[in-house]
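>>> Okay, sequence plus prediction incoming.
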Amino acid sequence: DGGITQSPKYLFRKEGQNVTLSCEQNLNHDAMYWYRQDPGQGLRLIYYSQIVNDFQKGDIAEGYSVSREKKESFPLTVTSAQKNPTAFYLCASSMGVGPLYEQYFGPGTRLTVT
Amino acid sequence: ILNVEQSPQSLHVQEGDSTNFTCSFPSSNFYALHWYRWETAKSPEALFVMTLNGDEKKKGRISATLNTKEGYSYLYIKGSQPEDSATYLCAFDTGRRALTFGSGTRLQVQP
């Protein structure tokens, strides 16, 4: 089955530790995205990548880093510089050119930092 | 950061009621407007992508309209069913091919 996998579903870390969230897709999509959701808020864009070896900061990139070494993988590292890392993180992918694209989302990872 | 606003925040309706939600977005630098449905314990799924002023899209009992000049889109659900219960998200693209989402409208349909 084609889709997007994120692991783990729940992640717990101590404050001050970096943590990497996994996102893998087998849809052969070129573009991949990371969003964060906090209670009562919409999805906020952290980083996105339109092609391998290239990525751009989204609206709330501070305290996060990404890499895009393979088309199917887009891991997100939450660094100790991120002031409020506890949140629900969603990965997405899309393909095609022009404005008529749909984003496909993974199941998400809920990160808790104490 | 762009401001995409959705109203109402939440809505409770009875089965069979028709309902509509609003998404407001900046009218400048318009590229595309997306609607997604997010059911509890599932991932968001695309409903519509609209690009042209006056666009109307329909999928079953759900339809959407777009006014890019005044910066709004409406989502309509005709004859709501319990399975329509979800959070409906709109999202705006200025051309960077990445989305700015609103905070969503949470719909609950009572049987």
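Yep, it's here. Residues are numbered from 1 along each chain as shown, chains lettered A, B, ... in the order given.
>>> beta partners for residue 77?
Assuming you mean chain A. residue A:20, residue A:65 (DSSP bridges).
>>> was after chain B, sorry
residue B:19, residue B:62.
>>> my read: it touches residue B:85, true?
No. The criterion here is Cβ atoms under 8 Å, and residue B:77 misses it with residue B:85 at 10.5 Å. Bear in mind the C-beta positions are built from the backbone N, C-alpha and C, glycine included.
>>> what secondary structure does the residue nearest to residue A:41 when sequence neighbours are not counted sit in?
The shortest distance from residue A:41 to any non-neighbouring residue, by Cβ to Cβ, 6 or more residues apart in numbering or on different chains, is to residue B:103 (5.6 Å). Following DSSP: H, G, I helix; E, B strand; the rest coil, residue B:103 is assigned to coil.
>>> Kindly give the local confidence score, pLDDT, for residue B:103.
At residue B:103, the pLDDT value in this model is 95.
>>> ditto for residue A:48
pLDDT, residue A:48: 97.
>>> you'd agree it is in a helix?
No. Applying three-state DSSP, one finds residue A:48 to be strand, outside a helix.
>>> Report the beta-bridge partners for it.
residue A:33, residue A:56.
>>> I figured it was touching residue A:58, is that so?
Yes. At 5.8 Å, residue A:48 counts as touching residue A:58 under the criterion of Cβ under 8 Å.
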